[in-house]
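Student: return a 3D structure for these sequence lines:
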Amino acid sequence: MTEEVQYLDYTLEKYDEVIEDSKLKLKNLRKLYAHNYDAMLDEKERLEHDIEVIEKAKNSPYFARIDFESKNHFEKCYIGKKGVIDYDHNIITVDWRAPIASLYYDSNVGSCQYEAPEGMIQGQLKLKRQYTIEKKKLIQFNDVDTVSNDELLKPYLDVSADVRLKNIVSTIQSEQNQIIREKLGQDMVIQGVAGSGKTTVALHRIAYLVYNYRNLFKAKDYMVIGPNKFFVNYISDILPDLDVNGVAESTLDELCLDYVKENFNIYHSLDILKDNDEEAAFKTSMRMKKRIDEYFQKLEVIPLKDFCIYDKKIIDRKVILSMYKEIDKKRYKSVQAQVERMILLLEKYIDQHINTIISQFIKEGESQKLIKEIKENRTSHLKKYFTVMNKKIKMIYIDILNDLGWNTSKIKKNEIQIEDLPSLMYIKYKLNGSEEYHHYKHIVIDEAQDYGAFTFYALKKMFQNASFSIYGDLAQSLYSYRSLSDWKELQNIFPALEIVRLNKSYRTTIEIMEEANKINQLLGLDQAIPVIRHGEEVEYVSDNIIKLTKQISQQYKTIAIITKNQGQANYLYQQVKDHLDVALIDSSHLTYNSSINIIPSYLSKGLEFDAVIIDQIGQYNKDHVLDMKLLYVSMTRALHKLYMVE
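Tutor: Take a look at the predicted model:
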């Protein structure tokens, strides 16, 4: 203990030195970068960020230590959230994302190896140690012999939800670590039971990629797509704590609006849960993709007239059509790319035949104004000629839906639903391409079980140069009529797709998970395996909600009162708002800053709370699959205590 306390003191001293050296460098930046203002700004931003992160890390600079001996070399590594190197290039703490740190997560004491940039490094793991450091004080440490031990996890899992987030890095398990450290470029589906750490793994994978590929790509080259704004806000607080800033975060509807750039109002039908909707099922399936392809195959890119300026024929349509047929459609995929290519070819054609074209008009006594237009302004006239580029995404979609015999009155009013999004994105791709999204290298999609195959296809077309990590739980799929039934449906979209399963639940106690597993058993789904962490029994009560919430708020920091639907949430909020400091969560007010929240079941996916109260459990029909899934989602939000109010 004395040795470890001394090393902690040494680490804190070195952190202070690095901070002071960084501040000194900040003061002298103008001298150091006298002739390169942009480089000075970049270095200023980096130094200020490092100072902020290191200051924050001082409270708990590391959480583990490994002693590793390889051929003619011995390393004692203290592993923390932030890797810190002093100005003499001495390593003070090793970043958890560094290659050697994988030994802590994946290896037992004894013979081991890890993959470094220079190749596989083999050796002996001599020591593996965990630390609890709070407010710069060493509380305790434990030596660990094995890769995973539920007993060692218990101190981390017993704490409140907000504290758990701060301890995530130190509790990553081997099966999670394998996913996090997968090389960039691998498409993966992670099927994980409730509480298996899907979101944890998703965010840490982004953090890992940003760190290890920082010399090739920037944080803005990665994107996280969440199911709703509430969820995106919830996770956006975690990435900065992982030393990641600048990663794009979006919901699917925000992404669609940003891409399509037409004035739509997206109607969130989250409150309308149903068993079947044939139209929505079609729209989110690859059958809809086929209908859009058929539309574009028939689309007249070349107008049904000659190219004219001031009503005078410049190029015959037959000539234009023959040139269009020669275009490589595999290279120029979108209509816009084809039109831009045609404009270049037609300009070249005019240049090659300029004398013939002009002589024709001189003979006819045409004015010099026309000749000037041919020579100087032909590009603008060519752009006007290709009227196909004036087509709106909405109008193309309406044409396709009309062919299917479906009602388009809402879409004409710019009202669309979630199931319309993949079609709009794919039509946009077919018409204009997606060049503005080609810089993205990796896309994380969380709560992906509620998307249909066509959604993933449209996203893959948008993000052509990106690999995908897709996280979800089919047991929590609430919109079966417009979502996947099996992850294997994606293998045609992502040919080298790897499907990984996380069946161990780290969120809830054994008592809560055993109760929730009864629903999985009823639905014939995989059982979640809980970590060995006991707690209180699930309580079925008939208490007054206000009285119950006041009582348990003395013990738990974060509490969710979960209702079956939004209508019940709204009603309950009106009943309790004058008696409790409570926030109402809906698709319009997605803020998560209160300790007590009233939230409908389908908006609670991916979230966790110290205690959960499920209101009116009699509303859930055990013979109704959707009801049981809603109840399962609600029950598995609880970390420590679950109340079922009858």
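
Student: what lies in contact with stretch 201-209?
Tutor: 97, 168-169, 172, 176, 179-182, 184, 190, 192, 222, 224, 235, 238-239, 242-244, 247, 441-442, 444, 446, 469, 471, 502 (C-beta atoms under 8 Å, 6 or more residues apart in numbering). Heads up, the C-betas are built off the backbone N, CA and C, glycines and all.

Student: what pLDDT does residue 487 get?
Tutor: If you check residue 487, the pLDDT there is 95.

Student: for it, phi and psi?
Tutor: The phi/psi pair for residue 487 (degrees, to the nearest 10) reads phi -60, psi -20.

Student: OK, contacts around it?
Tutor: With the criterion set at C-beta under 8 Å, 6+ apart, residue 487 makes contact with 189, 191, 470, 474, 499.

Student: okay, now the residue lying closest to residue 21 once chain neighbours are set aside: neighbour count?
Tutor: Closest residue to residue 21 apart from its sequence neighbours, by C-beta to C-beta, 6 or more residues apart in numbering: residue 87 at 4.9 Å. Residue 87 sits with 12 neighbouring residues when counted by other C-beta atoms under 10 Å.

Student: wait, isn't residue 612 in contact with residue 631?
Tutor: No: between residue 612 and residue 631 there is no contact under C-beta atoms under 8 Å: 11.5 Å.

Student: quick one: which of these two has more around it?
Tutor: residue 612 (29 against 23).

Student: after the lengthiest strand in the chain, next one along is what?
Tutor: Longest strand of the chain, by residue count under DSSP state E: strand 119-134. Once the chain leaves strand 119-134, the next helix or strand it forms, by DSSP states H and E, is strand 137-143.

Student: restrict that next one to CA atoms and write it as CSV.
Tutor: The C-alpha trace of strand 137-143 is given here as CSV (Å, rounded to 0.1, in the frame of the first residue of the first chain):
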residue,chain,number,x,y,z
LYS,A,137,-6.9,9.2,-2.7
LEU,A,138,-6.1,5.5,-3.1
ILE,A,139,-9.0,3.7,-1.4
GLN,A,140,-8.1,0.1,-2.2
PHE,A,141,-6.5,-2.2,-4.8
ASN,A,142,-7.0,-5.9,-5.8
ASP,A,143,-4.8,-8.3,-7.7
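
Student: in it, what counts as buried?
Tutor: For strand 137-143, burial by neighbour count (16 or more other C-beta atoms under 10 Å) applies to 138, 141.

Student: what's that strand packed up against?
Tutor: helix 2-27, strand 119-134 (3 or more C-beta pairs under 8 Å, 6 or more residues apart in numbering; DSSP states H and E).

Student: got the angle between the longest one and strand 119-134?
Tutor: Yep, that's helix 2-27 we're talking about. For helix 2-27 against strand 119-134, the angle by axes from the mean of the first three to the mean of the last three C-alpha atoms, to 10 degrees is 100 degrees.

Student: so which of the contacts of residue 487 sits lowest on pLDDT?
Tutor: residue 474 (89).

Student: tell me the SS of residue 511?
Tutor: Assigned by DSSP: H, G, I helix; E, B strand; the rest coil, the conformation of residue 511 is helix.

Student: can you pull the contacts of the residue nearest to residue 21?
Tutor: 17, 18, 21.

Student: so which helix or strand takes in it?
Tutor: Short version, using DSSP H and E: residue 87 is in no helix or strand.

Student: tell me which stretches of the stretch 201-350 of the chain form helices.
Tutor: Applying DSSP state H, counting those that start in this stretch to the stretch 201-350 of the chain gives helices spanning 229-236, 238-241, 252-260, 278-283, 286-298, 317-325, 335-352.

Student: of those helices, which approaches residue 305 most closely?
Tutor: Residue 305 sits nearest to helix 317-325 of all the helices of the stretch 201-350 of the chain, at 6.3 Å, using C-beta to C-beta.

Student: relative to helix 335-352, how tilted is the closest one?
Tutor: Using the same axes, to 10 degrees: helix 317-325 against helix 335-352 is 130 degrees.

Student: now do helix 317-325: which elements does it pack against?
Tutor: Counting by 3+ C-beta pairs under 8 Å, 6+ apart, helix 317-325 packs on helix 335-352.

Student: measure how the helix it packs on sits relative to helix 286-298, angle-wise.
Tutor: 20 degrees.

Student: tell me what helix 335-352 is packed against?
Tutor: Applying 3+ C-beta pairs under 8 Å, 6+ apart, one finds that helix 335-352 contacts strand 312-315, helix 317-325, helix 378-385, helix 421-432.

Student: okay, these in CSV with mean pLDDT and mean neighbour count next?
Tutor: Formatted as CSV, those follow (pLDDT from 0 to 100; neighbours: other C-beta atoms under 10 Å):
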stretch, mean pLDDT, mean neighbour count
strand 312-315, 92, 17
helix 317-325, 96, 14
helix 378-385, 95, 16
helix 421-432, 97, 23
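
Student: export these to CSV and tack on distance to residue 576?
Tutor: Below are these laid out as CSV (distance: least, C-beta to C-beta, whole Å):
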stretch, distance to residue 576
strand 312-315, 73
helix 317-325, 66
helix 378-385, 60
helix 421-432, 35
